[in-house]
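Peer 1: Here is my input; please provide its structure:
(one chain, ligands or ions: 1)
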Amino acid sequence: MMKLGNFELHAISDGSFALDGGQMFGVVPKALWERKAPADDRNRIHLSLTCLVIQTGRQNILVETGIGEKFNAKFKDIYDVEHPPTLLTGLCDLGIKPQDVNIVINTHLHFDHCGWNTRRLEGMTVPTFPRARYFIQRGEWEQAMTPTERDRASYIEEFFAPAEPQTEFVDGDAEIVPGIHLEVVPGHTRHLQCVRIESCGECAYFISDTVPTTAHLAYPWIMSFDLYPMETLVSKKRLLPELAREEAIVVFPHDPKTPWARLVESNGKIAAQAVENVASAATRK
Ligand SMILES: [Zn+2]
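Peer 2: From the prediction side, this is the model:
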C-alpha cells in the first residue's frame with residue numbers, strides 16, 4: 001500500500017504469465033535482454049499481471065483486470081499462465097468484493113489487461129463487477145472488435161464484449177473523477193490510455209505497455225507487439241523525463257519484481273528507484 005495525497009494505492013497482481021523474450025524486446029538482441037530477463041527453455045520470460053487499486057475515499061477504482069481464467073489448456077500452456085489467478089482474492093484481502101468496485105479502467109483490451117472484465121457464471125459470460133462503470137477509449141474498442149491479422153491473437157472478445165452495457169466510451173483525454181485522468185499515449189496500440197492519478201500535489205502514473213517493465217525504460221527497448229513502435233519511442237521520450245521531474249510514482253504492468261518506482265534521469269538515461277525508497281519517500285512529508 002502507498003499513500004498518495006488523500007488516495008490509497010495498492011498494486012495487486014493477477015499472477016504471472018510468460019511471453020516470448022524476442023517479442024518482448026523488439027530490436028534488442030537476446031545477448032543484451034537475457035541479462036535482465038532470463039529466458040526459459042522455450043525462450044519465454046516471466047511477467048507479472050499487475051493491476052492497480054485506487055481508493056479515493058469515495059470510489060474503489062481498478063486499473064486493468066489481469067488475465068482471468070476463461071481460457072483452455074493450450075492457451076495456458078503457450079503463455080504459462082499461473083493458476084489460480086489472484087486478482088479477486090487480492091481485492092478480497094483489501095476488503096473489496098466485486099460489487100464494491102465502482103470504476104474499471106482498461107488501458108487497452110489485450111487479453112492480459114482485461115481478463116477479469118467478465119467471468120463465466122452458469123453458462124453465461126457476465127461482467128465480473130456488476131456495479132462498475134468500465135472506461136475504455138472508443139478507438140481501442142473498435143480496434144478490439146475488428147482486429148487485423150497482425151493483432152488478432154491479442155484480443156479475445158469474450159474477455160470484454162459482454163461488459164459493453166456498463167462501458168463508457170471515451171474520445172481522447174478525460175478526467176473521469178477528480179484526480180483521475182485518462183491520457184491517450186499512442187504506440188503499443190493507436191488508442192492506448194495511460195492513467196494519471198493526482199492528489200494534493202502528488203502524482204502516480206499507470207504507464208501500461210508503453211513501458212511494460214523497468215527493463216523497457218531504455219528508449220530503444222520497445223516490444224515487437226507494438227503496432228506503432230516509432231510512436232512508442234516519441235511517447236517515451238516525452239513522458240519519462242517529465243515523470244522523473246514530477247517525482248511521480250510510475251506503475252509498470254508486467255515487471256515481475258518492481259510494480260512501481262520513481263524515475264531518475266541522468267545523462268539522458270532514465271532509471272528506476274527501488275521500491276523501498278519509494279515507500280519511504282511517499283510517506284515523507
Ligand atoms: Zn498489450
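Peer 1: Show the backbone phi and psi for the residue of the stretch 1-150 of the chain found nearest the ion.
Peer 2: Distances between the stretch 1-150 of the chain and the ion by Cβ to the ion are smallest at residue 110, namely 3.5 Å. Where you see a C-beta, it was placed from the backbone N, CA and C, and this is true even at glycine. Backbone geometry at residue 110, expressed as degrees, to the nearest 10, gives phi -60, psi 150.
Peer 1: can you pull the contacts of it?
Peer 2: The neighbourhood of residue 110, defined by Cβ atoms under 8 Å, 6 or more residues apart in numbering, consists of 154-155, 189, 209.
Peer 1: out of those, what pair is the most spread apart?
Peer 2: By the measure Cβ to Cβ, 155 and 209 form the most distant pair in the contacts of residue 110, at 13.7 Å.
Peer 1: Same drill for those two, tell me which one is more crowded.
Peer 2: Under the neighbour definition other Cβ atoms under 10 Å, residue 155 and residue 209 were set side by side, and residue 209 has more, 26 against 20.
Peer 1: Then that one would be within a helix, right?
Peer 2: Yes - under DSSP: H, G, I helix; E, B strand; the rest coil, residue 209 falls within a helix.
Peer 1: what about the closest residue to it other than its chain neighbours, is that helix, strand or coil?
Peer 2: In space, and not counting its chain neighbours, residue 209 is closest to residue 188: 4.2 Å by Cβ to Cβ, 6 or more residues apart in numbering. Three-state call for residue 188 (three-state DSSP): coil.
Peer 1: Who are the contact partners of residue 188?
Peer 2: With contact taken as Cβ under 8 Å, 6+ apart, residue 188 is in contact with 108, 208-210, 223, 225-228, 232.
Peer 1: Got a quick ChimeraX command for the buried subset of those?
Peer 2: This is the ChimeraX syntax for the buried subset of these, where burial follows 16 or more other Cβ atoms under 10 Å:
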select :108,208,209,210,223,225,226,227,232
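Peer 1: and the contacts of residue 188 as JSON lines, adding distance to residue 115?
Peer 2: What follows is the contacts of residue 188, written out as JSON lines (distance: Cβ to Cβ, whole Å):
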{"residue": "108", "distance to residue 115": "13"}
{"residue": "208", "distance to residue 115": "15"}
{"residue": "209", "distance to residue 115": "15"}
{"residue": "210", "distance to residue 115": "20"}
{"residue": "223", "distance to residue 115": "19"}
{"residue": "225", "distance to residue 115": "17"}
{"residue": "226", "distance to residue 115": "21"}
{"residue": "227", "distance to residue 115": "21"}
{"residue": "228", "distance to residue 115": "24"}
{"residue": "232", "distance to residue 115": "23"}
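Peer 1: filter the contacts of residue 188 down to the ones close to the ion.
Peer 2: residue 209 (Cβ under 5 Å from the ion).
Peer 1: which SSE is residue 51 in?
Peer 2: strand 44-55 (DSSP states H and E).
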